[in-house]
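Student: got a predicted model here, sequence first, then my questions.
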2 protein chains.
Amino acid sequence: MAVSNPLRTFFPDRVFAAGCPSRTVLDHVMSKWGLLVLLALGDGEPLRWSELRRRAEGVSEKMLAQTLRTLVADGFVVRDARPVVPPHVEYSLTPRGLELAALLNPLMVWVVENAPDILEDAAAS
Amino acid sequence: MAVSNPLRTFFPDRVFAAGCPSRTVLDHVMSKWGLLVLLALGDGEPLRWSELRRRAEGVSEKMLAQTLRTLVADGFVVRDARPVVPPHVEYSLTPRGLELAALLNPLMVWVVENAPDILEDAAAS
DNA sequence: CAGCATCCGCAGCGATACTG
DNA sequence: CAGTATCGCTGCGGATGCTG
């Protein structure tokens, strides 16, 4: 049965049109590390570089740097560098980032709650 | 300011632990094409292979096949093949897939609504 | 401590051709 | 129509070494 879908307002006959700006944003936000960084900062607490590396377990320096640069450019994250030695840099979410994180959170909770069942099915097939 | 975060129930000091089953599910669900397929089917309407290729604009045959196999194995999608010539195959969401799509939708609406502003910021930097 | 620059391997992806 | 099979490449991402 069909369900009314607000996305159809934007995309009547496709999902996300190719070349559409939202595809780019989607790639940034839903990327493996982009997602984890947004979630790590999702509490609203600022985090330091080293702390982010710990929380997004498995991320390399290169990927963290690249991811952060993208998120900062997109206006999801602010970088606050204090001119001290040794350097002290904090990252936190902008209001826009907080909006996004708020939408991400219920989804992530659903995923962790259902992941075991899902992979059980996948293994059985 | 700190916000109470239900994800912390599962991951007190990290985001998604490396090697955690939910990371795998996340990779399937948030992948470029996985996402688009889930959204395309999000209305609840079954779609045929050729229709899916049209809606997820830009997807190659190979990637569509691979994506669908994963989503079927994970129990998000059902494949209904009718033994006729020419072949007629329909894909639709399972109840689990519908749950997921329901959580995905508000997020996607937010993304399309904010994408122009976001990329404007990105271009300015 | 918080990065940037560079090299490089390989898996992921696209393109093409073929089939039930 | 709805896929599978194969090949070739490229660009993502890891590893390493260096700097303010």
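Tutor: Okay, I see it.

Student: from B:F76, how far off is A:V85?
Tutor: According to Cβ to Cβ, to the nearest Å, A:V85 stands 51 Å off from B:F76. Any C-beta I mention is one placed from the backbone N, CA and C, and that applies to glycine too.

Student: looking at the two, which is more packed in?
Tutor: The neighbour count for A:V85 versus B:F76, taken as other Cβ atoms under 10 Å in any protein chain shown, is higher for B:F76 (27 against 5).

Student: what's the helix or strand for the residue lying closest to the more buried one once chain neighbours are set aside?
Tutor: Counting by Cβ to Cβ, 6 or more residues apart in numbering or on different chains, B:G97 is the residue found nearest to B:F76 once chain neighbours are left out, at 3.8 Å. Under the assignment given by DSSP states H and E, the secondary-structure element containing B:G97 is helix B:95-124.

Student: A:L39 too?
Tutor: Following DSSP H and E, one finds A:L39 within helix A:32-40.

Student: pLDDT at the closest residue to A:R55 other than its chain neighbours, what is it?
Tutor: Of all residues not flanking A:R55 in the chain, A:A40 sits nearest, at 4.2 Å (Cβ to Cβ, 6+ apart). The per-residue pLDDT reported for A:A40 equals 96.

Student: quick one, what contacts A:V109?
Tutor: Taking Cβ atoms under 8 Å, 6 or more residues apart in numbering or on different chains, we find A:V109 in contact with B:6-7, B:10.

Student: list the residues that contact the residue nearest to the spatial centre of chain A.
Tutor: By Cα atoms, centre = their mean, chain A has its centre lying nearest to A:L35, at 2.5 Å. Residues in contact with A:L35 (Cβ under 8 Å, 6+ apart) are A:29, A:104, B:26, B:30.

Student: tell me which of those residues is nearest to B:L64?
Tutor: Checking these against B:L64 with Cβ to Cβ, the nearest one is B:M30 at 17.0 Å.

Student: where does pLDDT dip in chain A?
Tutor: In the prediction, chain A carries residues with pLDDT under 70 at positions A:1-3.

Student: so how many other residues sit close to the residue nearest to A:V77 when sequence neighbours are not counted?
Tutor: Counting by Cβ to Cβ, 6+ apart, A:L71 is the residue found nearest to A:V77 once chain neighbours are left out, at 4.2 Å. Applying other Cβ under 10 Å, we find 27 residues neighbouring A:L71.

Student: so A:L71 sits against A:L100, correct?
Tutor: No. A:L71 is not in contact with A:L100 according to Cβ atoms under 8 Å; the separation is 9.9 Å.
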